[in-house]
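Colleague: Can you look at this prediction? I've put the sequence above it.
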Amino acid sequence: MLLLDYQNVLIQSLLTERFSGAPPVSIDQVVSDFDNVAFHVSTPESKSKIQISIGVKCYKELLQYGAQEVLEREYGPYIVSPEAGYDFSILIDLDNLPSDSEGREDLIRRVSLMKRNAMAAPFERAFDDFAHRQEEASKFTRESAPEGVREGGEVMAIHYRDEEAIYIKASHDRVTVIFSTIFREETDRIYGKVFLQEFVDARRRAIQNAPQVLFRNEPPLELQGVRGLADGSNGEVGYVTFVLFPRHLTPQRRQETISHIQTFRDYFHYHIKASKAYIHSRMRRRTADFLQVLNRARPENEEKERKTASGRTFRVQG
Amino acid sequence: MASQTPAVVMDNGTGFSKLGFAGNDSPSFVFPTAIATKGAAGGTGGSGSGRPAVANKPSFLTGGTGQGGALSAKRGTEDLDFFIGDEALAAANGPGYGIHYPVRHGQVENWDHMERFWSNSIFKYLRVEPEDHYFLLTEPPLNPPENRENTAEIMFESFNCAGLYIAVQAVLALAASWTSSKVTDRSLTGTVIDSGDGVTHVIPVAEGYVIGSSIKSIPIAGRDITYFVQSLMRDRGEPDSSLKTAERVKEEYCYVCPDIVKEFSRFDREPDRFLKHTVTSPNGRSVTVDVGYERFLAPEIFFNPEIYSSDFLTPLPTVVDGVIQSSPIDVRRGLYKNIVLSGGSTLYKDFGRRLQRDIKHMVDARIRASEVRSGGKKSGGLEVQVVTHKRQRHGPWFGGSLLGQTPEFRSYCHTKTEYDEIGPSIVRRFNLIGGPGST
């Protein structure tokens, strides 16, 4: 598994099973997803009505950036008022499903992508903003562009974890996405550096179309004036900057781009852990080899002192 | 709610892994504990040479001799090319992948595979960031402490999980029985009968600690029942007597009867007890097979093993009685009073009732004999109770889920900080959740 899935596998398999016409059963499950997102899948009223609620830590911020519209676009007729303790709920009536199997599959796919869709709003807004600015900027030559156009828009911050955040900024020729990352563990920090260096180098070496990646410990210039930034001087905090160019932001690509970039942090951590597992397996292998060598390294005929029953020894006369 | 993430409960059994979050009433994922890796399997049977093929060293480590090609070509990701669970079984059917079972007889045999199995379970299926969650893992009784340490090394060093608790499956199965209405005091004393697919264990537990010397296992379990059903169907010459059909018949129609002879005559009197089972094969054809005496004969092999096996002849109730009799005398009363069933092969209707009756007979006979010997003294009697409950199938997992959602669960875990301070030996000892002194 190289890339992480975007959808929640449990919700997907659960709905697939329910939609397949199996007899309705009552469900009550709390499911967790990356980044402290919690789902609650339940059948509160009757067994054929499945309610799926999502709780996101930064939902207030997402709402500011237009999450409501995105979710309404995706789940329109299914939305119900949010369950207590959660931020957003939908209700699916099993007796009232899309009649064709494609429609059902599409519904399953959309529901299992709920976390992705909730988090997608600021990205979509930034991409729209970019398109708008690009159009605006094309009216001017490089020198004469008014201040506002060249500067780019507001920095949108999503504090999706306790100590980490995503910052998105659109300007007329690019969209900048900045992740602040934090490493508690020293080993992880080193692995992380190696990985990030690879990201930075990847573009230079082979993949010219990849977005530009920058990594530094101090907040990048784009974040000037943003409050509440973690201090990077002790090396624990790092800032990873992705620069998305217009070719990543075409209408055909943008959904894919959003999905990819959202899973960046989890992808990153997954691979750090996978590399550790790999190194561990090599360490085990090596230890086993050394043990084998040690076992083989016994002296061939060990001189043992032979004793008589009374404890005396014979000495060979030289 | 949002501040406290639910604990992750993982029960990796020999056959199946149960994964989920604490507080739920059923595991989120149940799939085979299997991993399919690139390259041929090291023989699915023998696990002795179970060391996995590790990719060759990158060329810059071999001293630059030979091995042409660009450096970047060596930075492979072969170690990520694997599948677990049902996907593993599917992949192993195709070319290029070999299947491995990292857990054998309840204990982890191949740590490389287990580490990758866990990594995929956490990131692909459960989708959690291990730093954010506490983990509750299970282990079989008599698991060597070294295995615990290995587990802790992987959980803390590879995954940096926030906290870890390793519980014994039998104890969790006892905790799962607290949901039954028959259980009034939440004690951790009792006898656990754990019958899965491969083997049946009878495990006495006193105050949350397993009495290791008295554990007995019986080589009759789910798979044997399936084989027995299959052989009965073969003998009759049914049109379809595949293992899969036998398994379906076993799961859907079997029950435990109080008396075989009476049940046989009842079947002869009431022909509607013979059922028909329809098998639809993948190509769309369907055949009907008769379901007859195997309905009650199959589970009977627990109580009269001689009808199935010629090597093992001790009935389950006798084994249970023997286990309790070999335990320390001061806990026997508690062990008789709380006999808990766990595992898929204990789900037959009236299984618990029959077991309770048979054990009771034995106990009563012994009490009468000793009354006679003591010359007319009366015994106070002994209570025998077999607890059947709704969560039997995934008993250990459910027990873990129950304990994992208690507010004090986290205080019983060892955290990452403690691990860093003390080292892997920290997990040799865990305080008992719900045990004496906890409430």
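Modeller: That came through, no problem.
Colleague: pLDDT below threshold where in chain A?
Modeller: A:141-152, A:205-206, A:230-235, A:318 (pLDDT under 70).
Colleague: Look up the closest residue to residue 210, ignoring the ones flanking it.
Modeller: Reading this off chain A. Closest residue to A:Ala210 apart from its sequence neighbours, by C-beta to C-beta, 6 or more residues apart in numbering or on different chains: A:Arg203 at 4.9 Å. Using the backbone N, CA and C atoms, a C-beta is placed for each residue, glycine as well.
Colleague: think we crossed wires, I meant chain B
Modeller: B:Pro141 (4.5 Å).
Colleague: mind listing the strands for chain A?
Modeller: A:28-33, A:37-42, A:49-55, A:79-80, A:88-93, A:155-158, A:166-170, A:175-182, A:212-216, A:237-244 (DSSP state E).
Colleague: Distance-wise, check A:Ile182 relative to chain B.
Modeller: With distances defined as C-beta to the nearest C-beta, to the nearest Å, the gap from A:Ile182 to chain B amounts to 10 Å.
Colleague: Settle this for me: that residue is touching A:Val237, isn't it.
Modeller: Yes. A:Ile182 is within contact range of A:Val237, at 5.4 Å (criterion: C-beta atoms under 8 Å).
Colleague: So between those two, which is more surrounded?
Modeller: A:Val237 (19 against 16; other C-beta atoms under 10 Å in any protein chain shown).
Colleague: okay, now whichever residue of the stretch 101-250 of chain A sits closest to chain B: neighbour count?
Modeller: Shortest the stretch 101-250 of chain A-to-chain B distance, computed as C-beta to the nearest C-beta: residue-wise this is A:Glu185, at 5.7 Å. As a burial measure, the neighbour count of A:Glu185 was computed by other C-beta under 10 Å and equals 17.
Colleague: do the same with A:Asp201
Modeller: A:Asp201: 11 surrounding residues under other C-beta under 10 Å.
Colleague: Quickly note the distance from it to A:Phe215.
Modeller: 11 Å (C-beta to C-beta, to the nearest Å).
Colleague: Identify the contacts common to those two.
Modeller: Taking C-beta atoms under 8 Å, 6 or more residues apart in numbering or on different chains as the contact rule, A:Asp201 and A:Phe215 touch no residue in common.
Colleague: ok, back up a step: point out the most buried one among the strands of chain A.
Modeller: strand A:166-170 (a mean of 24; mean count of other C-beta atoms under 10 Å in any protein chain shown).
Colleague: how about the residues of the stretch 201-318 of chain A that lie near chain B?
Modeller: Residues of the stretch 201-318 of chain A found near chain B, taking C-beta under 8 Å from any C-beta of the partner chain as the criterion, are A:205-206, A:266, A:269-270, A:273-274, A:276-278, A:280-282, A:284-285, A:288.
Colleague: For B:Ala170, give its distance to chain A.
Modeller: When C-beta to the nearest C-beta is applied, the distance between B:Ala170 and chain A equals 26 Å.
Colleague: Show me the residue sitting in the middle of chain A in space.
Modeller: Per C-alpha atoms, centre = their mean, the C-alpha nearest to the average position across chain A is that of A:Thr263, at 2.5 Å.
Colleague: coming back round to it: check contacts around the residue nearest to B:Val210.
Modeller: B:Pro141 sits next to B:Val168, B:Gln169, B:Ala170, B:His201, B:Ile203, B:Val210, B:Gly212, B:Ile215 when contact means C-beta under 8 Å, 6+ apart.
Colleague: Can you tell me the element it falls in?
Modeller: In the assignment (DSSP states H and E), B:Pro141 maps to no helix and no strand.
Colleague: Distance of it relative to chain A?
Modeller: To chain A, B:Pro141 is 26 Å away according to C-beta to the nearest C-beta.
Colleague: what do you get for B:Phe21?
Modeller: From B:Phe21 to chain A the distance is 6 Å (C-beta to the nearest C-beta).
Colleague: Report the contact partners of that residue.
Modeller: With contacts taken as C-beta under 8 Å, 6+ apart, B:Phe21 has the following neighbours: A:Gln29, A:Val30, A:Val31, A:Ser32, B:Pro6, B:Ala7, B:Val8, B:Val9, B:Ser28, B:Leu126, B:Ser401.
Colleague: Distance-wise, check it relative to B:Asn110.
Modeller: 27 Å.
Colleague: now the helices for the stretch 201-318 of chain A?
Modeller: Taking DSSP state H, counting those that start in this stretch to define them, one finds helices in the stretch 201-318 of chain A at A:254-262, A:264-296.
Colleague: Now tabulate these in CSV and tack on distance to B:Ala34 and mean neighbour count.
Modeller: Putting the helices of the stretch 201-318 of chain A into CSV (distance: least, C-beta to C-beta, whole Å; neighbours: other C-beta atoms under 10 Å in any protein chain shown) gives the following:
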stretch, distance to B:Ala34, mean neighbour count
helix A:254-262, 29, 18
helix A:264-296, 18, 16
